[in-house]
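# I would like to see how this sequence folds:
(2 chains)
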Amino acid sequence: NAGVTQTPKFRVLKTGQSMTLLCAQDMNHEYMYWYRQDPGMGLRLIHYSVGEGTTAKGEVPDGYNVSRLKKQNFLLGLESAAPSQTSVYFCASSKQGIQPQHFGDGTRLSIL
Amino acid sequence: ELKVEQNPLFLSMQEGKNYTIYCNYSTTSDRLYWYRQDPGKSLESLFVLLSNGAVKQEGRLMASLDTKARLSTLHITAAVHDLSATYFCAVDTTGNQFYFGTGTSLTVIP
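Residues are numbered from 1 along each chain as shown, chains lettered A, B, ... in the order given. This is a model prediction of the structure:
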């Protein structure tokens, strides 16, 4: 009964380092999303994918890249981390765009 | 860019009381979602509203959508402590781009 699994759950980076966040879903969902959540700002969409091999920009894509090589996985990359990217990152998936999203438990990322 | 505003941002209410959370959005859409988030936890879907006049109810929560007014409400009836959480509305115009409100932090006190 895994649903949406995010790896890692916590991470501390230094400015300029790179890393990849992994999101895996076992519900055979077509749509996957990456959000960031900052205090007082709700969730903001970074990138999304409507199917294997597809990606598209969301509201705040700068500084991030994504890949969806397999239907069940959606990777979020930070090439050169900046303190402004300190946030909680949530991955979500849905069967179709109009259906409710299922969220992972989040990744707390701090960049010093 | 679509703007989604929720009010109030913070709500403290007594058990047994009724209250309404409002979600206003800035552009035409007939797709609105409500989510709940407990502190330090993930988001859980509550309601999906897909047409003007849609009304959904689950337990003590009832959500409605008025697309002409660009307004959704989440009504809480006879609040209980277990409803303490942050509630988010989210609007989608294309089936892909979702815009979330800033959230309403609800505390139900005995």
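# alpha carbons only for contacts and neighbour counts from here, please
Will do.
# Quick one: the strands in the chain, in order.
I went with chain A, as the question did not name one. Taking DSSP state E, the strands of chain A run over residues A:4-7, A:10-13, A:19-25, A:31-37, A:43-49, A:56-57, A:64-67, A:73-78, A:87-94, A:102-103, A:107-111.
# You answered for a different chain; I wanted chain B.
Using DSSP E, strands in chain B cover B:4-7, B:10-14, B:19-25, B:32-37, B:43-49, B:55-58, B:61-66, B:71-76, B:85-92, B:98-100, B:104-109.
# how about CSV for those strands, with mean pLDDT and distance to chain A added?
Output for these, formatted as CSV (pLDDT from 0 to 100; distance: least, C-alpha to the nearest C-alpha, whole Å):
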stretch, mean pLDDT, distance to chain A
strand B:4-7, 96, 10
strand B:10-14, 94, 11
strand B:19-25, 97, 13
strand B:32-37, 96, 7
strand B:43-49, 96, 6
strand B:55-58, 96, 14
strand B:61-66, 97, 15
strand B:71-76, 97, 16
strand B:85-92, 96, 8
strand B:98-100, 93, 6
strand B:104-109, 96, 10
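# Rebuild those as TSV, extending it with mean neighbour count.
As requested, those are arranged in TSV below (neighbours: other C-alpha atoms under 10 Å in any protein chain shown):
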stretch	mean neighbour count
strand B:4-7	20
strand B:10-14	15
strand B:19-25	20
strand B:32-37	23
strand B:43-49	21
strand B:55-58	14
strand B:61-66	20
strand B:71-76	21
strand B:85-92	24
strand B:98-100	24
strand B:104-109	19
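# I'd like those strands written out as CSV, with distance to residue A:16 added.
Converted to CSV, the strands of chain B look like this (distance: least, C-alpha to C-alpha, whole Å):
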stretch, distance to residue A:16
strand B:4-7, 33
strand B:10-14, 37
strand B:19-25, 37
strand B:32-37, 32
strand B:43-49, 30
strand B:55-58, 47
strand B:61-66, 45
strand B:71-76, 42
strand B:85-92, 33
strand B:98-100, 29
strand B:104-109, 35
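# Just tell me which of the ones you listed ends up closest to residue A:80.
Closest to residue A:80 of these is strand B:98-100 (C-alpha to C-alpha; 26.1 Å).
# Measure how far that closest one is from the centre of its chain, please.
A distance of 12 Å separates the C-alpha centroid of strand B:98-100 from that of its chain, computed with C-alpha atoms, centre = their mean, to the nearest Å.
# Also stretch B:3-16?
9 Å.
# which residues sit against that stretch?
Residues from elsewhere that reach stretch B:3-16 (C-alpha atoms under 8 Å, 6 or more residues apart in numbering or on different chains): B:19, B:21-27, B:77-81, B:88-91, B:99-110.
# Now with 7 Å, please.
With C-alpha atoms under 7 Å, 6 or more residues apart in numbering or on different chains as the test, stretch B:3-16 has contacts from B:21-26, B:78-81, B:99-110.
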